[in-house]
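K.L.:
What follows is a predicted structure for the sequence shown.
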Amino acid sequence: MTSSPASSTRVFGVRHHGPGCARSLVAALEAMGPDAVLIEGPPDAAEVLQLAGAAEMKPPVALLVYPVDTPARAVFYPFAEFSPEWQAIRFALARGIPVRFMDLPQYHRLADRPPATEGTSQEDDGDSGDRHESAEEATGDIVRVDPIGALATAAGFPDSELWWEHEIERRQDPSGLFDGLLEAMRALRDEHPNSLTPEDARREAFMRQTIRATIKEGRNRIAVVCGAWHAPVLAELGPAKPDADLLKGLPKTKTVATWIPWTASRLSYRSGYGAGVNAPGWYQHLWTHPEQPTLRWTVRAARTLREEDLPAPTASVIESIRLAEALASLRGLANPGLREINDSMQAVLCGGEIGPLAFVRDRLELGGPLGEIPPATPAVPLRRELEAEERRLRLKRTDEIKTLDLDLREPTDRARSRLFHRLRLLEIEWAKPETVTGKSGTFHELWQLRWRPELEVAIVEASRWGSTFAVAAGTRAIDLANKTEELGPLTEILDNVVVAELDEALGRVLAIVQARAAVASDVIHLAAALPRLARLSRYGDVRGLSAEPVLALFDGIYQRALVGLPNACTSLDDDAAAAMANALAQVHDAVGLLDRADLTQSWLEAVASLSERDAATPLVRGYAARLAHDKGRVGRDDLVRLASRALSRAVPPNEVAAWLEGLLRGGALLLMHAHDLWAVLDGWLAELSNDALDAVLPLLRRAFSSFSGPERRSMGESVRSLRGPGRSSSAAQRTVELDERRAALVLPVLAQILGVPHE
């Protein structure tokens with residue numbers, strides 16, 4: 001802490017998040033009694049800064065600043081209750097002291113940012129004082145310095161976080177803290193003169209200009225709160241002209257700022273936040289419970305373990321606290337820190353296992369409630385609508401993963417489902433659907449909910465499509481449909497429109513699908529559209545959808561696929577054949593789902609005809625035979641006839657293997673009970689030469705690879721019953737020429753294994 005020669009300006013260098021630093025800052029401000037407070041932060045947020053004093057504002061929260069034209073480039077400024085800047089803001093607002101942000105505005109920084117960084121929102125890392133990289137990181141001619149790491153190394157600490165906690169956060173006497181940090185940072189900056197980036201230089205110039213402007217306003221006691229790294233160059237302002245020249249002609253863009261709720265987990269290093277702390281929950285604990293923090297934390301940890309049905313007896317809690325204090329003494333520390341507490345809990349409460357301690361870290365160190373903001377906070381209309389829907393539908397945002405089971409027959413659950421589907425169309429991924437199986441799948445939905453602060457940016461981005469979720473989701477669905485050429489993805493969009501109950505957009509999207517289907521000729525693409533259309537027409541009544549237009553569309557696409565099927569199944573390579581087999585499966589499932597006699601008859605006739613078509617690719621021909629047989633269109637005798645033809649000597653072994661792979665795609669049940677089919681397969685194998693068997697064996701392995709162990713055992717029993725007592729397969733009856741010279745080489749080894757003499 002120091003004074004500027006021009007006035008009684010005092011500079012307080014801080015770390016962005018730390019309870020001890022925040023507590024020391026509040027004490028220093030009370031002693032100083034400033035008439036103006038300047039804080040490192042975005043001046044873009046001047047209009048919403050006063051909201052920080054509202055009773056409804058509950059940290060963690062963040063300032064969101066974004067360019068009007070490109071909201072995806074938003075920047076976050078997170079604040080916890082234990083952040084020094086937050087405490088300085090609340091201090092000033094509570095006493096009616098003018099307070100403002102003084103960092104280089106984002107309307108300059110975002111305009112000057114190169115295009116490579118566009119499209120990604122980020123937390124503002126503050127300044128070099130909060131970098132947690134290596135102690136020095138070279139970037140061109142710039143050497144980036146981690147001041148905390150450098151100070152920790154100088155003090156003999158292997159961990160910068162450990163040094164900061166014990167020297168600053170657990171400091172008993174706050175006097176002299178800011179003077180000491182100022183001198184340390186001045187020495188580091190003198191030692192590393194090339195540590196300043198051009199953007200850092202502009203930021204510091206703007207901050208000095210803001211201090212000068214505040215002095216000209218007649219303020220006599222100005223408190224300046226900034227990242228510790230900047231403190232030395234703000235304590236001595238110097239001439240104004242170089243700073244004015246440096247800031248002259250900076251580009252500018254229009255920005256908007258607001259407050260948003262934040263989460264404790266996003267204040268940690270693990271979230272990727274450059275100015276984060278190791279354990280925000282622990283720092284919140286130190287801020288809330290400065291007295292007996294070790295005892296209180298260990299008791300909370302024990303309660304967390306018990307909630308997970310893990311043992312945490314009171315005696316172990318007491319022993320864990322004693323061990324933590326002993327560890328602190330052995331390590332030369334005045335008080336146990338989080339490291340000592342975790343080591344003791346792992347040894348005593350967790351029985352030496354690291355696994356149970358993970359619950360404590362997730363729940364206590366990184367967990368916590370979502371912050372809250374006042375109703376008067378500026379927001380786009382979509383956010384207001386979402387807040388209203390949350391209240392109406394009894395939904396609650398939380399950073400924890402929650403599963404919600406919806407029954408679409410209930411009005412409230414159906415409204416929740418409608419909201420979630422509209423959010424997903426707008427890429428606001430608050431809720432993600434999970435698979436539901438069984439009969440209840442037609443009217444039940446499972447959703448996994450987790451709120452993340454980045455979704456606030458997604459809401460802003462979605463606002464360009466409309467001012468309500470119905471309009472915005474519908475407009476975006478139509479836009480996606482216009483840009484999509486393939487029928488499969490198009491029908492997925494149509495499905496999303498239906499489940500989101502976007503009646504106005506439904507007709508437009510349906511017309512686009514019909515237009516694409518009218519000119520489509522690729523059977524695989526046509527087939528991909530049918531299952532979703534079948535489900536829509538079958539279960540659309542759950543959401544009040546009229547099935548007639550969807551059925552008409554289904555019939556048109558189905559007929560086009562049926563006409564093109566014979567020619568589409570010829571001259572295919574392995575990958576194309578597999579794709580075509582998948583297409584057959586899609587059509588088969590769609591026809592089965594609708595269960596219409598006319599569709600079933602025409603489809604079975606088509607696959608039966610395909611199974612007889614020699615020009616068709618063997619894999620597809622075999623799979624067509626399987627589909628027709630499973631539905632009774634091809635009987636057992638016809639199947640054996642088809643197998644005899646497909647497995648004849650004139651057919652190359654690789655084509656036979658492909659036909660078998662297609663035949664077996666439906667599962668092993670067919671081979672388990674078709675003994676005559678086994679006989680045909682056995683005879684084919686018996687006729688193969690050794691070289692042909694070696695060549696075809698990998699293909700056969702692939703054909704049988706999808707069968708489970710029990711299915712393979714059942715097939716083995718079928719083979720045994722096929723041969724019968726005293727019978728052997730034709731393969732076993734083949735005469736094999738014995739190479740006596742090679743066989744003799746085995747005899748010594750065999751004799752040694754059996755333990756008998758060898759002559």
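P.N.:
Right, received. Where do you want to start?
K.L.:
lowest-confidence helix or strand of the protein?
P.N.:
In the chain, no helix or strand scores lower on mean pLDDT, DSSP states H and E than strand 136-139, which sits at a mean of 38.
K.L.:
what stretches of the stretch 151-300 of the chain score poorly on pLDDT?
P.N.:
155, 170-174, 269-276 (pLDDT under 70).
K.L.:
Helices of that one, start to end?
P.N.:
For the stretch 151-300 of the chain, the helices defined by DSSP state H, counting those that start in this stretch occupy 160-164, 177-191, 198-216, 231-235, 241-247, 280-288, 293-307.
K.L.:
Serialize those to a markdown table and add fields for distance to A328 and mean neighbour count.
P.N.:
Heads up, the C-betas are built off the backbone N, CA and C, glycines and all. Converted to a markdown table, the helices of the stretch 151-300 of the chain look like this (distance: least, C-beta to C-beta, whole Å; neighbours: other C-beta atoms under 10 Å):
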| stretch | distance to A328 | mean neighbour count |
| --- | --- | --- |
| helix 160-164 | 12 | 20 |
| helix 177-191 | 21 | 18 |
| helix 198-216 | 38 | 18 |
| helix 231-235 | 31 | 23 |
| helix 241-247 | 47 | 13 |
| helix 280-288 | 15 | 22 |
| helix 293-307 | 9 | 18 |
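K.L.:
can those go into TSV with extra columns for distance to I557?
P.N.:
Below are these laid out as TSV (distance: least, C-beta to C-beta, whole Å):
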stretch	distance to I557
helix 160-164	61
helix 177-191	70
helix 198-216	56
helix 231-235	69
helix 241-247	63
helix 280-288	54
helix 293-307	53
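K.L.:
how about these, which one is nearest V607?
P.N.:
Distance to V607, taken as C-beta to C-beta, is lowest for helix 293-307 among the helices of the stretch 151-300 of the chain, at 56.3 Å.
K.L.:
Quick check: which helices or strands does that closest one pack against?
P.N.:
helix 280-288, helix 314-330, helix 338-347, helix 355-360 (3 or more C-beta pairs under 8 Å, 6 or more residues apart in numbering; DSSP states H and E).
K.L.:
Alpha carbons only: can I get stretch 615-628 in PDB?
P.N.:
Extracted as PDB, the C-alpha positions of stretch 615-628 are listed here (Å, rounded to 0.1, in the frame of the first residue of the first chain):
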ATOM      1  CA  ALA A 615     -26.700 -59.500 -59.300                       C
ATOM      2  CA  ALA A 616     -27.200 -58.200 -55.700                       C
ATOM      3  CA  THR A 617     -24.100 -58.000 -53.500                       C
ATOM      4  CA  PRO A 618     -23.800 -61.200 -51.400                       C
ATOM      5  CA  LEU A 619     -24.000 -59.500 -48.000                       C
ATOM      6  CA  VAL A 620     -27.200 -57.700 -49.000                       C
ATOM      7  CA  ARG A 621     -28.700 -60.800 -50.600                       C
ATOM      8  CA  GLY A 622     -28.000 -62.900 -47.500                       C
ATOM      9  CA  TYR A 623     -29.500 -60.200 -45.200                       C
ATOM     10  CA  ALA A 624     -32.600 -60.000 -47.400                       C
ATOM     11  CA  ALA A 625     -33.000 -63.700 -47.100                       C
ATOM     12  CA  ARG A 626     -32.800 -63.400 -43.300                       C
ATOM     13  CA  LEU A 627     -35.400 -60.600 -43.200                       C
ATOM     14  CA  ALA A 628     -37.800 -62.500 -45.400                       C
END
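K.L.:
buried ones in that stretch?
P.N.:
616-628 (16 or more other C-beta atoms under 10 Å).
K.L.:
do the same with stretch 71-78
P.N.:
Here stretch 71-78 shows 71, 73-78 as buried, counting by 16+ other C-beta under 10 Å.
K.L.:
that older thread, ok, so of the buried residues of stretch 615-628, who is nearest S160?
P.N.:
Taking the buried residues of stretch 615-628 together and measuring to S160 by C-beta to C-beta, the closest member is L619, at 61.3 Å.
K.L.:
what sits up against the helix or strand hosting the closest one?
P.N.:
Taking DSSP states H and E as the criterion, L619 maps to helix 618-630. With C-beta atoms under 8 Å, 6 or more residues apart in numbering as the test, helix 618-630 has contacts from 569, 572, 574, 577-578, 580-581, 584-585, 588, 604, 607-608, 610-611, 613-614, 616, 634-636, 638-639, 642, 646, 655-656, 658-666, 670.
K.L.:
which of those count as buried?
P.N.:
The buried subset of the contacts of helix 618-630 - by 16+ other C-beta under 10 Å - is 569, 572, 577-578, 580-581, 584-585, 588, 604, 607-608, 610-611, 613, 616, 634, 638-639, 642, 646, 655-656, 658-665, 670.
K.L.:
returning to that earlier point: okay, the helices and strands packed on helix 293-307 in JSON lines with distance to E167 next?
P.N.:
Formatted as JSON lines, the helices and strands packed on helix 293-307 follow (distance: least, C-beta to C-beta, whole Å):
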{"stretch": "helix 280-288", "distance to E167": "14"}
{"stretch": "helix 314-330", "distance to E167": "14"}
{"stretch": "helix 338-347", "distance to E167": "14"}
{"stretch": "helix 355-360", "distance to E167": "25"}
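K.L.:
Quick check: which of those is nearest to V519?
P.N.:
Across these, V519 has its closest neighbour in helix 355-360 (55.8 Å, C-beta to C-beta).
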